[in-house]
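Peer 1: sequence plus predicted model, see below.
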Amino acid sequence: MEEIKGLRKYELPPLPYKIDALEPYISKDIVDVHYNGHHKGYVNTANTLIDRLNGIIKEEVKSYDIHGVLRNLTFNINGDKLHTLYWKDMAPEGKGGDKPGGKLGDLIDQQYGGYEKFKKIFTEAANSNPGTGWAVLTYDKENSNLNVMTVENHFMNHLAEMPIVLILDEFEHAYYLQYKNKRADYVGAWWNIVNWDEANKKLDGLLE
Ligand SMILES: [Fe+2]
């Protein structure tokens, strides 16, 4: 029998800008802890769990809790994926912020009656999201809907066939060092650094 290669490991993707690039809206200290601490931690833990799962697949590990291993693996892989999207969906002031143009801007106008109304709904969704989670904009190919959604924790276990176009991290680690308990201020500041070019690129890829 051919040797079992097992599941492959994950790698921490590079931050798409300098660590202080999002100031003053998101401080250098937050990006440092968030990227080099939390995001890197999800990748490292996912890889440790993949080692364990490979041991189970190869029957080297005899006693295990498969539900626990897979639940933790989902949390950490999603932690990597969600953060990778989050970093790319922001850009330094001057490159980010303003309004979406392109097809995303057109679709927002058609479905939400303009950018300001869309921004209000997304902001309200973000501010109503209890505890830890994410506010996201997804695209449904079936009816071309742009759906504002909230995601609890990392347990998306996927939003079936609805890829993320835009994402906002709402875990305390994303804002607490700078905004303390004023999460709404963080959400308000984030609009100044939204990378609409990236969101449009993602939507264009889905429309092909
Ligand atoms: Fe985070």
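Peer 2: Nice, I can see it. Numbering: from 1, shown residues only.
Peer 1: Glu172 and Thr132 touch, don't they?
Peer 2: Yes - the criterion here is CB atoms under 8 Å, and Glu172 meets it with Thr132 at 7.2 Å. For the C-beta atoms, the positions are set from N, CA and C on the backbone; glycine is no exception.
Peer 1: what about the helices in the protein?
Peer 2: 28-31, 40-57, 66-88, 102-112, 115-128, 176-179, 183-190, 196-207 (DSSP state H).
Peer 1: packing partners for the last one?
Peer 2: Think helix 196-207. Applying 3 or more CB pairs under 8 Å, 6 or more residues apart in numbering; DSSP states H and E, we find helix 196-207 packed against helix 102-112, strand 133-140, strand 164-169.
Peer 1: those: which one's closest to Lys28?
Peer 2: strand 164-169 (16.6 Å; CB to CB).
Peer 1: what average pLDDT does that closest one get?
Peer 2: For strand 164-169, mean pLDDT is 97.
Peer 1: quick one, what contacts the closest residue to Ala126 other than its chain neighbours?
Peer 2: Sequence neighbours aside, Ala135 is the residue nearest to Ala126 in space, at 3.8 Å (criterion: CB to CB, 6 or more residues apart in numbering). Ala135 is in contact with Phe122, Ala125, Ala126, Asn129, Val148, Met149, Thr150, Val151, Ile167, Leu168, Glu170, Val187, counting by CB atoms under 8 Å, 6 or more residues apart in numbering.
Peer 1: out of these, flag the one nearest to the ion.
Peer 2: Nearest to the ion among these, counting by CB to the ion, is Glu170 at 8.5 Å.
Peer 1: how many neighbours does Lys117 have?
Peer 2: Lys117 is flanked by 13 other residues according to other CB atoms under 10 Å.
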